[in-house]
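[1] turn this into a structure:
(2 chains)
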Amino acid sequence: MEAIDRQLAALLRESIGRVVGEPWEGPVPVEVSNRPDLADYASPAAFALAGRLRRPPLEIANELAADLTTHGASMLASAEAAAPAFLNLRLSDSFLAGLVEETVARAGRIADDGTGAGHKIVLEHTNINPNKAAHVGHFRNACLGDTVARMLRRLGHPVEVQNYIDDTGVQVADVVVGLRYLDVPEQGDEPFDRYCSDVYVAVQQAYAADESLVARRAEVQHAIESGEGELATAALETAQRIAACNLATMARAGIGYDLLTWESDILALGFWQTAFARLQEQGVIVAETEGPNAGCWVVPFGVGTVETEEGTVTEDKVLVTSRETVTYTAKDIAYQMWKFGLLGRDFFYRVWGEQGDGSTLWTSTRHELEHDPSAPRFADGERVINVIDDRQSYPQQVVYDCLRRMGFEAEADASEHLAYAVVSLSVEAARELGVAVDEDARKVAMSGRGGIQVYADQLLDRLAARIAAASAERAETDEAAAQSGAPARTRPSDEEAAETAERVATAAARYYMLKFGTTQEIIFDFEDALRTTGETGVYLQYALVRASGIARKLAAGDAIGPRPSPAPTDGVPDADRALLLRIADYPRVLATAAQQREPLALAKYAFDLAVAFNRFYDNTPPIVAEQDEALRAWRGGLVESFRHVFGDVLDVLGIPVLERL
RNA sequence: GCCCCCGUAGCUCAGUGGAUAGAGCGCCUGGCUUCGAACCAGUAGGUCGCAGGUUCGAAUCCUGCCGGGGGUACCA
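    Modelled structure (predicted):
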């Protein structure tokens, strides 16, 4: 469905053409009015035309209003000019009734305009180093990436979601050393990833006390790099086990992937060698013979060396060190080339497993014998989006710039770093974790190495526990109320209650991660994150539960039923109109949120829409008891429209849809 | 030094060229005999960090400054 503001802009463009005297090619601004008492939509177009026509803007607005009144067709009920020169537009009841009909007919999928069809996007997110449990910072990454992927898919883009797993770094070696040479006690029946998080912290401390361990780490790291031998196999197995835990954590929040890509496979399959050759051919990198980077292969960026307080530095970026190891950025260049299909090399693929939504998760493999010929074609993206925190903006830019220097300008332009600010801990949260905090500190950085972190599972567990307790309490009061005549409700089984609590926890956690702008640092606080009232994911689910309740009762009562029906003859009531206008705004909001890669915009919209429904709900007599059949049918249709559209919005946000709460 | 992000109500944050700057939380007040009160209605609370500039119009764009954070690794 085309967004309302664009439909109106098309109408207004015609009007401007008639007023100006020739076809109008300039911009035609139309906005959702922030003055619902005056208008549904408004345009300030007359301001811009005033200078061009050298006439007072209000005069022009009046002419446009007059023209639209005669040419507005069935879409508009009124068009009026208002000082200083706004053009206020009111949609007609018949148009609103048509909206209800269309939203229901399309089961809420009104924002799917198909603009993205055929343009494959490769989107990478999560990317947790497989040596520890996911914390809320990783969770933010995954929520952002998953929601952006869902938004793009709803607009028709084929999106391939990849999760890059760096299983060859020192962090994995650290944990392997800790597992082998330290005896870290397990905490009850804690999951493997949580245990490894503890081991990781313990081994950091052990290095200081026992230097032989540092040698052990070098040994493990060497084995990992060579990919040969028992140590390398053990390291790989550990990494895979932890990665499986991380995937399970994300699956709790409905986050899945298409493909896992392992750094060890990138190394083993010689991705870097190919990229290296290309970089050399194109003269993008040079071998330094003097200066601070002597003996390295570097990308020359700066103007030579610069003297700073910290000593002599260069702005050049090292890709291969003097010890001939390949830096992360270098590997990322090869990986980025592969994503665009520029490398001329590919992984082998095998099935990793089935995911919660029934889709297949694939993984790369270096072994040709494991290759599954039924694997889909991966990579070859037209666009590549990397969801990585904003501290890595510089290395990301280096990667894209190297693509450009190699002659891949289009691909460099089609490379996007979705940079988001990190999650840190509030002073209260840090203290709750037993971390010593400075008096004047306002936040504490998370650190897997230092053991300062809130785990994603911990957040979900605490939310689920709180929600389960709240549900139990409600069930008690419901039963007490039923004693004194209120309608009885069937109490869910313990199993159902636990399942519901988990799904509500998902909603709360995901919404919390999205309610901050991507560039806004989240100061994680338990009091805010565990909230189940106010602007939360729970509020969203509750609004839908209310709507579902009405739909159920209307259907059970065998009344007119929730079919779209004409607007009431004495006009659409204000509460109904406000709700419907919100519903109708969905296509516009989704398009801009997706284009800006800003899930917050959709999350805020979802909240606003839920508010509109709750107001409608509370300020409208019970629909199921409505005696005026025409009005009951209209409102039943309106509720149905909300139910479908809002359900679709929640689906794009990755928030579970519940019938009961 | 250079680059990026942040600065809006007591707190946490939306709003990035349009009309009277909003929400949640917190404070105070009111509302469940009818669709689930995890809700709704209302009160109080703001020189939008500061100073210039552009514009019919600036929280929003430009310049300079102040405060906070991050980056500028032969770590990932």
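[2] quick one, phi psi at the residue nearest to residue A:226 when sequence neighbours are not counted?
    Closest residue in space to residue A:226, ignoring its immediate chain neighbours: residue A:232 at 6.5 Å, by C-beta to C-beta, 6 or more residues apart in numbering. For the C-beta atoms, the positions are set from N, CA and C on the backbone; glycine is no exception. Phi and psi for residue A:232, reported as degrees, to the nearest 10, are phi -60, psi -40.
[3] any idea how far the helix ranked longest in chain A is from the middle of the chain?
    Secondary structure assigned by DSSP state H gives helix A:456-483 as the longest helix of chain A. Here helix A:456-483 is found 28 Å from its chain centre; the criterion is C-alpha atoms, centre = their mean, to the nearest Å.
[4] list the contacts for residue A:397?
    Neighbouring residues of residue A:397 by C-beta atoms under 8 Å, 6 or more residues apart in numbering: residue A:417.
[5] now name the helix or strand holding it.
    helix A:393-405 (DSSP states H and E).
[6] over to residue A:89: give its phi and psi.
    Dihedral angles for residue A:89 - degrees, to the nearest 10 - are phi -120, psi 140.
[7] oops, could you answer that again for residue A:77 instead?
    Phi and psi for residue A:77, reported as degrees, to the nearest 10, are phi -90, psi -30.
[8] same question for residue A:294.
    phi -60, psi 140.
[9] tell me which residues touch it, please.
    Neighbour list for residue A:294: A:288, A:322 [criterion: C-beta under 8 Å, 6+ apart].
[10] roughly how far apart are it and residue A:323?
    12 Å (C-beta to C-beta, to the nearest Å).
[11] tell me the pLDDT at the closest residue to residue A:347 other than its chain neighbours?
    In space, not counting the residues next to it along the chain, residue A:347 is nearest to residue A:364; the distance is 3.8 Å by C-beta to C-beta, 6+ apart. Per-residue pLDDT puts residue A:364 at 98.
[12] number of residues surrounding residue A:364?
    A count of neighbours around residue A:364, defined by other C-beta atoms under 10 Å, yields 25.
[13] before we move on, what SS does it have?
    Three-state assignment for residue A:364 (DSSP: H, G, I helix; E, B strand; the rest coil): strand.
[14] before we move on, back to that, which residues touch the residue nearest to residue A:226?
    Contacts of residue A:232 (C-beta under 8 Å, 6+ apart): A:223-224, A:226.
[15] next one: residue A:586
    Residues in contact with residue A:586, defined by C-beta under 8 Å, 6+ apart, are A:110-111, A:605, A:609, A:645, A:648-649.
[16] before we move on, what about residue A:643?
    A:108, A:544, A:547-548, A:551.
[17] doesn't it belong to a helix?
    Yes: per three-state DSSP, residue A:643 lies within a helix segment.
[18] and the gap between it and RNA strand B?
    Distance, residue A:643 to RNA strand B, by C-beta to the nearest atom of the strand, to the nearest Å: 12 Å.
[19] any idea how many residues pack against residue A:341?
    By the measure other C-beta under 10 Å, the count of residues near residue A:341 is 16.
[20] and if you look at the one 5 residues further on?
    Using other C-beta under 10 Å, residue A:346 has 15 other residues around it.
[21] surely it meets residue A:379?
    Yes: here residue A:346 reaches residue A:379: they are 7.5 Å apart, a contact under C-beta atoms under 8 Å.
[22] which neighbours do the two have in common?
    Joint contacts of residue A:346 and residue A:379 (C-beta under 8 Å, 6+ apart) are residue A:338.
[23] one step back: turn the contacts of residue A:643 into a markdown table, including secondary structure.
    Shown next, in a markdown table, are those (three-state DSSP):
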| residue | secondary structure |
| --- | --- |
| A:108 | coil |
| A:544 | helix |
| A:547 | helix |
| A:548 | helix |
| A:551 | helix |
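[24] can you pick the most crowded of these?
    Busiest of those [other C-beta under 10 Å] is residue A:547, holding 25 neighbours.
[25] in this structure that residue contacts residue A:644, no?
    No: using C-beta under 8 Å, residue A:547 makes no contact with residue A:644, being 9.6 Å away.
[26] how many neighbours does the closest residue to residue A:50 other than its chain neighbours have?
    Distances taken as C-beta to C-beta, 6+ apart place residue A:57 nearest to residue A:50, at 3.8 Å, with adjacent residues excluded. Neighbour count for residue A:57, taken as other C-beta under 10 Å: 21.
[27] got it, and residue A:555?
    Neighbour count of residue A:555, defined by other C-beta under 10 Å: 12.
[28] now it: how far from residue A:566?
    For residue A:555 relative to residue A:566 (C-beta to C-beta), the value is 21 Å.
[29] sorry, back to before: can I get the helix holding residue A:397 in CSV, CA atoms only?
    Taking Å, rounded to 0.1, in the frame of the first residue of the first chain, the C-alpha atoms of helix A:393-405 are listed here in CSV:
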residue,chain,number,x,y,z
SER,A,393,34.3,2.7,12.8
TYR,A,394,37.9,3.3,11.8
PRO,A,395,38.9,-0.3,10.9
GLN,A,396,35.6,-0.6,9.0
GLN,A,397,36.3,2.5,7.0
VAL,A,398,39.8,1.0,6.2
VAL,A,399,38.1,-2.1,4.8
TYR,A,400,35.7,-0.1,2.6
ASP,A,401,38.5,2.2,1.5
CYS,A,402,40.7,-0.7,0.5
LEU,A,403,37.8,-2.0,-1.7
ARG,A,404,37.7,1.4,-3.3
ARG,A,405,41.4,1.5,-3.9
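[30] re earlier: now the contacts of residue A:643 in a markdown table, with pLDDT?
    Formatted as a markdown table, the contacts of residue A:643 follow (pLDDT from 0 to 100):
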| residue | pLDDT |
| --- | --- |
| A:108 | 95 |
| A:544 | 97 |
| A:547 | 97 |
| A:548 | 95 |
| A:551 | 93 |
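[31] wait, what's in contact with the closest residue to residue A:299 other than its chain neighbours?
    Spatially, and ignoring its direct neighbours in sequence, residue A:299 is nearest to residue A:317 (4.7 Å; C-beta to C-beta, 6+ apart). Residue A:317 sits next to A:298-299, A:301, A:329, A:395, A:398 when contact means C-beta under 8 Å, 6+ apart.
[32] do the longest helix of chain A and RNA strand B meet?
    Yes: counting by C-beta under 7 Å from any atom of the strand, RNA strand B is contacted by helix A:456-483 at A:467, A:470-471, A:474, A:478.
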